[in-house]
Structure formats: C-alpha cells, structure tokens
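# quick one: sequence plus predicted model below, questions after.
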Amino acid sequence: IKRVRTRHLVDAKARGEKWAMLTAYDTMTARIFDKEGIPALLVGDSAANVVYGYDSSLPVEVDELLPLVKAVVRSTRRSLVVADLPFGSYEAGPEQALATAVRFMKAGAQAVKLEGGRRMAAQIRALVDAGIPVMGHVGFTPQSEHSLGGYRVQGRSDAAEEVAADARAVQEAGAFAVVLEMVTGSVAETVTKELAIPTVGIGAGNSTDAQVLVWQDMAGMGDGRTPKFVKRFANVGEELARAARDYADEVRTGAFPAAEHTFD
Ligand code: KIV
Ligand code: NA
C-alpha cells in the first residue's frame with residue numbers, strides 16, 4: 001500500500017475526481033478510515049471541542065495536539081495525515097509558523113493546515129519553502145470567530161471577492177489545497193473553477209473538489225446539535241449508549257460475564 005501524496009490529490013482535480021477527507025484524533029478510528037480508503041485525514045484543532053471538551057478551538061495547545069497526530073500516524077498506512085496548526089502557534093510570523101509546523105512534521109504529519117488567506121501568505125510561503133506541504137483554510141475560519149462575529153456564512157454578496165482573493169493568495173503562496181468553510185455554493189463554485197489546487201469544502205456546497213467533515217458529526221457521535229451542512233451517516237453515539245446500557249444491565253443481573261468469558 002502506497003501513501004497518498006499531495007500530488008495525488010492535486011492530480012485528482014485535473015481528472016475531475018472528487019475525494020473525501022475526515023478528521024481523526026485517535027488510532028482506532030484512524031485505522032478504520034485508512035482501511036476504507038479515505039485519502040486524507042485531518043487531525044483538526046476541532047479536537048479542542050470533540051476530544052478535550054473546550055467550547056471553542058481557541059484554547060487547544062500544540063502540546064495537546066501532538067500526541068493525537070502521533071496516534072493517527074501510527075495506525076495509518078495510506079491516508080495522507082494533515083495536522084492543524086492551533087490558534088496562537090503561527091500568526092506571529094513565518095518563523096513562528098515554521099517552528100510549529102516542524103514539530104508536527106517531526107511527529108509524523110505529512111502536511112499542515114493553517115487558517116487565513118492573504119494575511120497568512122508569508123507563513124504559507126515559509127513552510128512550503130522548508131518542504132512542508134500546506135493546506136490553506138479560508139471563508140469562515142473558526143480561530144477568528146470573535147473578529148468574524150460568530151459562526152456566519154462568508155462571501156455573501158460583496159464579500160465574495162474577499163473569499164476569492166484569500167483563496168487565490170493561498171494558492172499563490174504555494175499551498176497544495178484549500179479548505180473553504182461556510183461560504184455560499186456560488187462562491188465555492190467560482191473559486192473551485194479558478195484555482196488549480198483542489199478546494200475542500202465544509203458547508204460550501206457540492207461544487208468543491210473535495211469535502212471534509214468532523215467524523216463525530218458525520219457519524220452521529222455528538223448530542224444532535226449539528227450545523228446545517230452536516231449530514232449524519234450513522235448514529236454511532238446511540239449505538240455506544242446502547243452498548244454501555246446493556247453492559248451495565250448485564251453486570252447488575254449477573255448475565256455477564258458468562259461461562260464462555262471465564263477461564264477455567
Ligand atoms: O479542525 C477541523 O476539524 C477543521 C475542519 C473541519 C476543516 O478545520
Ligand atoms: Na481546524
């Protein structure tokens with residue numbers, strides 16, 4: 001089995017092949033997604049919410065994400081593993097961005113992702129120059145939630161050109177792909193047609209080259225409050241709740257463990 005490389009994802013765009021990306025934060029789920037042929041896995045800073053229980057992505061630290069990257073890398077053989085640079089670990093400038101990205105690459109990541117278009121072009125360029133593949137992220141960028149005024153669709157009416165200019169800057173800085181988050185379907189379509197690198201949509205409609213979702217959202221692991229753009233492909237949370245309930249019941253009644261679970 002050969003590892004997916006960034007060039008494979010870029011080439012897929014030229015062939016008009018769409019691909020799916022999922023987040024992963026631990027070794028067992030990563031193994032499943034890798035075996036199913038998901039070409040790219042993101043160790044997202046969404047771990048802040050879905051692993052660590054913070055109520056935004058802002059508090060999570062590099063030192064909290066590095067072990068998750070290592071866990072995901074250990075169980076994957078084929079999927080390209082992308083590590084998210086968390087808030088505060090790259091904005092100060094290219095040197096800070098490079099120092100942080102190097103830590104993730106040494107942990108086994110094969111690319112990094114960071115948020116911001118024109119304002120992060122120098123950071124993207126520095127990483128690319130150092131041999132680190134970069135995935136950009138424009139449109140709604142959760143780490144700037146407070147300056148964007150909350151979770152809001154970006155690129156409506158006159159702001160469309162802002163999103164396009166950011167995506168263009170990411171490509172020009174040398175990124176191999178760019179996430180478009182919560183932008184209108186028409187902005188995503190225009191940007192996808194204009195760029196040579198693949199666009200990875202989340203809440204960006206159906207015309208991007210790829211899609212990404214947080215696995216707990218798409219698998220129904222959360223409490224049910226998911227954004228409009230999420231589709232639930234399973235109800236893993238309900239299934240896990242049922243297993244925990246049945247296990248506890250059987251312990252109480254003495255049905256578990258049975259003879260077949262007992263050493264003689
Ligand atoms: O952190 C994350 O999970 C992300 C994706 C959803 C794009 O950045
Ligand atoms: Na993220």
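All right, it came through fine. Ligands and ions are numbered 1, 2, ... in the order given.
# give the contact list for the residue nearest to K231 when sequence neighbours are not counted.
Ranked by Cβ to Cβ, 6 or more residues apart in numbering and with sequence neighbours excluded, the top spatial neighbour of K231 is M218, at 6.5 Å. Every C-beta, even on glycine, is put in place using the N, C-alpha and C of the backbone. M218 is in contact with 22, 230-234, counting by Cβ atoms under 8 Å, 6 or more residues apart in numbering.
# what distance do you get for M218 to F33?
M218 sits 11 Å away from F33, taking Cβ to Cβ, to the nearest Å as the criterion.
# overlap of the contact sets of the two?
Residues within reach of M218 and of F33 at once, by Cβ under 8 Å, 6+ apart, are L22.
# per-residue pLDDT, S157?
If you check S157, the pLDDT there is 82.
# picking up where we left off before, closest one to V128 out of the contacts of M218, please.
Closest to V128 out of those is L22 (24.6 Å), distances taken as Cβ to Cβ.
# near the residue in the stretch 1-150 of the chain positioned nearest to ligand 1, how many other residues are there?
The stretch 1-150 of the chain approaches ligand 1 most closely through G44 (2.4 Å), counting by Cβ to the nearest ligand atom. Per other Cβ atoms under 10 Å, the neighbour tally for G44 reads 30.
# how about it, what does it touch?
G44 is in contact with 23, 25, 84, 113, 214, counting by Cβ under 8 Å, 6+ apart.
# where strands are concerned, which of the contacts of M218 count?
Members of the contacts of M218 lying in strands (criterion: DSSP state E): L22.
# run through the residues of the stretch 151-264 of the chain sitting next to ligand 1.
Within the stretch 151-264 of the chain, the positions lying close to ligand 1 (Cβ under 6 Å from any ligand atom) are 179, 181, 202, 212, 214.
# apply 5 Å and report the result again.
Within the stretch 151-264 of the chain, the positions near ligand 1 by Cβ under 5 Å from any ligand atom are 179, 212, 214.
# which single one of the contacts of G44 is nearest to ligand 2?
Set against ligand 2, the nearest of these by Cβ to the ion is D84 (4.5 Å).
# list the buried ones in stretch 133-144?
Buried residues in stretch 133-144, counted by 16 or more other Cβ atoms under 10 Å: 133-143.
# now swap in stretch 199-213 and tell me
Residues of stretch 199-213 classed as buried: 199-205, 207-213 (neighbour count, 16+ other Cβ under 10 Å).
# same thing with stretch 21-40?
For stretch 21-40, burial by neighbour count (16+ other Cβ under 10 Å) applies to 21-25, 29-31, 33-34, 38-40.
# now that stretch - C-alpha only, CSV.
Output of stretch 21-40 as CSV, limited to C-alpha atoms (Å, rounded to 0.1, in the frame of the first residue of the first chain):
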residue,chain,number,x,y,z
MET,A,21,-11.5,13.9,3.9
LEU,A,22,-12.4,13.2,7.5
THR,A,23,-11.0,14.3,10.8
ALA,A,24,-9.3,11.7,13.0
TYR,A,25,-7.9,12.1,16.5
ASP,A,26,-7.1,8.6,17.7
THR,A,27,-5.6,5.4,16.5
MET,A,28,-8.6,3.1,16.2
THR,A,29,-10.8,5.5,14.2
ALA,A,30,-7.9,6.5,12.0
ARG,A,31,-7.2,2.8,11.3
ILE,A,32,-10.8,2.4,10.1
PHE,A,33,-10.8,5.4,7.9
ASP,A,34,-7.4,4.4,6.4
LYS,A,35,-8.7,0.9,5.7
GLU,A,36,-11.7,2.4,3.9
GLY,A,37,-9.5,4.4,1.6
ILE,A,38,-10.2,7.9,2.9
PRO,A,39,-7.3,9.6,1.1
ALA,A,40,-6.7,12.4,3.6
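# briefly note if it comes near ligand 2.
No - using Cβ under 5 Å from the ion, stretch 21-40 never reaches ligand 2; the gap is at least 8.3 Å.
# thank you kindly, that will do.
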